[in-house]
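Peer 1: I'll drop the sequence and a predicted model, then ask my questions.
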Amino acid sequence: MAAAPLFHLVDPYGIDRSLLDDLCALTTKVRLLAKSPDGARFLLGLLPDRRAMLYFVQPSTRTFLSFNNACHILGIRTSEIRDASTSSEVKGESFEDSIRTFSSYVDVIIMRTPEAGQAARAAALMNRIPRPVPIINAGSGRDHHPTQALLDIYTLERSFEDRGGIDGKVIGMMGDLRRGRTVRSLCHLMQNYRGVRLVFIAPPQFAMGDDVKAHLRAQGIPFVDDARLADVIGDLDALYVTRMQSEWDTAGETSQVNYADYSITPDNIGRLKSGAAIMHPLPRGPEIHPSCDDDPRAVYWRQERNGMWMRVAILLKIFQADRLVHEFDLDAVN
Ligand code: NCD
């Protein structure tokens, strides 16, 4: 059965298994279609009458570029603001008035902002005005990054496609779990999978937030809160590594961290299971040594590219063009 339509995508809360499975299937179809010139032309013809605003007033490389290219793959034209100092916000225009203005010109607003809850505020505004456009949260402060969580789910599912998918897997999350929005959003999607166990490996000052842990308890998702990498490394089916989010430091907190305890290096990578997946939302710091990149378990570069295909799938879903892709006969272009 097809999942319900999607309008705003601001947090991971309402995302259910049928939507996840639908988006993953759509992502695979798009990825395969794009490999052939005919398939790529078909995708390009799907949404040429749509326009997107990329409002990214916090640094971004991958999320910006993958959304920008995802739009272009579908024929969607894009406008962008990448620095609040170039928008009328410097003249004192409110956030709400700025968002409403963007919505006058485009059909979707994709936004990355430094404050938690800003995408939700934009969506609430849209729900009050006569011509609302969908809001996609591409990272809101320290709280959520739902499209990253979706591409992470896709990467996990692909990594375990011959082993029953995500259900029943042991997933480690390591690094700055308190201030990293990617792991926070990903934890919220885990309720959709059966028998998953989470293992958190973080310096005490950057332990997973109590709000996320309360949610996991309420959903009956087992987790270990203060694991040491050396003790658990051999048990993990996936290890999701994150960087220390030093941009949020107020008193040099990151400098207190002993990276050796929170890193994958040539010395410990061999202790991971042979089929384990090492993931990272990137950019990385010292927590994954570059010489690990050639290890078959390192999937973070594939994860990065998956992000573009998943964002194509999200746009297709929001604009209800997903049916055309599902119906397209892949054999016709191969
Ligand atoms: C992440 C982010 O911005 O939260 N990057 C990304 O979107 N791929 C992770 C990070 O910055 O550490």
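Peer 2: Looks like it came in fine.
Peer 1: just checking, next helix/strand downstream of the longest helix along the chain?
Peer 2: Ranked by residue count under DSSP state H, the longest helix found in the chain is helix 300-318. Secondary structure here is assigned by DSSP states H and E; on that basis, the next helix or strand after helix 300-318 toward the C-terminus is helix 322-327.
Peer 1: contacts for that following helix?
Peer 2: Surrounding helix 322-327, the residues in contact under the criterion C-beta atoms under 8 Å, 6 or more residues apart in numbering are Ala2, Asp22, Ala25, Leu26, Lys29, Val30, Leu33, Leu43, Leu46, Ala313, Leu316. (Each C-beta comes from the backbone N, C-alpha and C, glycine too.)
Peer 1: Spatially nearest residue to the fourth one, not counting backbone neighbours?
Peer 2: What it means is Leu26. Leaving out its chain neighbours, the residue that sits closest to Leu26 by C-beta to C-beta, 6 or more residues apart in numbering is Ala313, at 4.0 Å.
Peer 1: count of residues packed around the one you found?
Peer 2: Ala313 has 25 neighbouring residues, counting by other C-beta atoms under 10 Å.
Peer 1: Equivalent analysis for Ser94, please.
Peer 2: For Ser94, the count of nearby residues is 10 (other C-beta under 10 Å).
Peer 1: Look up phi and psi at it.
Peer 2: The phi and psi torsions at Ser94 (degrees, to the nearest 10) take the values phi -70, psi 160.
Peer 1: who are the neighbours in contact with the residue in the stretch 201-334 of the chain positioned nearest to the ligand?
Peer 2: Each residue of the stretch 201-334 of the chain has a distance to the ligand, by C-beta to the nearest ligand atom, and the smallest belongs to Pro281, at 4.0 Å. Residues near Pro281 by C-beta under 8 Å, 6+ apart: Arg62, His145, Gln148, Asp152, Gly180, Thr182, Thr242, Gln303.
Peer 1: for the stretch 1-150 of the chain, which spans come out with low pLDDT?
Peer 2: 1-3 (pLDDT under 70).
Peer 1: how about the strands in it?
Peer 2: In order along the chain, the stretch 1-150 of the chain carries the following strands (DSSP state E, counting those that start in this stretch): 51-56, 77-81, 108-113, 135-140.
Peer 1: what's the spacing between the nearest residue to Met111 once chain neighbours are set aside and His280?
Peer 2: Distance criterion C-beta to C-beta, 6+ apart; nearest residue to Met111, sequence neighbours excluded, is Tyr55 at 4.4 Å. To His280, Tyr55 is 26 Å away according to C-beta to C-beta, to the nearest Å.
Peer 1: need the helices for the stretch 51-200 of the chain, in chain order.
Peer 2: Under the criterion DSSP state H, counting those that start in this stretch, the stretch 51-200 of the chain contains helices at 62-73, 95-105, 118-126, 146-159, 181-189.
Peer 1: Adding distance to the ligand and mean neighbour count, write those helices out as a markdown table.
Peer 2: Compiled in a markdown table, the helices of the stretch 51-200 of the chain are given as follows (distance: least, C-beta to the nearest ligand atom, whole Å; neighbours: other C-beta atoms under 10 Å):
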| stretch | distance to the ligand | mean neighbour count |
| --- | --- | --- |
| helix 62-73 | 4 | 20 |
| helix 95-105 | 20 | 16 |
| helix 118-126 | 13 | 21 |
| helix 146-159 | 5 | 25 |
| helix 181-189 | 5 | 24 |
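Peer 1: so who does the closest residue in space to Ala202 that isn't next to it in sequence touch?
Peer 2: In space, not counting the residues next to it along the chain, Ala202 is nearest to Leu177; the distance is 4.4 Å by C-beta to C-beta, 6+ apart. Shown here is Leu177, whose contacts under the criterion C-beta under 8 Å, 6+ apart are Val183, Arg184, Phe200, Ala202, Phe206, Ala207, Met208, Gly209, Thr242.
Peer 1: again, only this time at 10 Å
Peer 2: Under the criterion of C-beta atoms under 10 Å, 6 or more residues apart in numbering, the contact partners of Leu177 comprise 183-184, 187, 200-203, 206-209, 212-213, 225, 240, 242, 245.
Peer 1: Show me how to select, in PyMOL, the buried members of these.
Peer 2: This is the PyMOL syntax for the buried subset of those, where burial follows 16 or more other C-beta atoms under 10 Å:
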select buried, resi 183+184+187+200+201+202+203+206+207+208+209+212+213+240+242+245
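Peer 1: Okay, and which of the contacts of Leu177 map to helices?
Peer 2: Within the contacts of Leu177, membership in helices is found for Val183, Arg184, Cys187, Val212, Lys213, as judged by DSSP H.
Peer 1: now, which of these sits nearest His8?
Peer 2: Arg184 (18.4 Å; C-beta to C-beta).
Peer 1: coming back round to it: quick one: contacts for the residue nearest to Leu26?
Peer 2: Taking C-beta under 10 Å, 6+ apart, one finds 22-31, 70, 150-151, 154, 322, 325 in contact with Ala313.
Peer 1: In contact with Ser274, which residues?
Peer 2: Counting by C-beta under 10 Å, 6+ apart, Ser274 has contacts Pro296, Arg297.
Peer 1: An error on my part: the question was meant for Arg100.
Peer 2: Glu93, Ser94, Ala122, Leu125, Met126, Arg128, Ile129, Arg131, Pro132, Val133.
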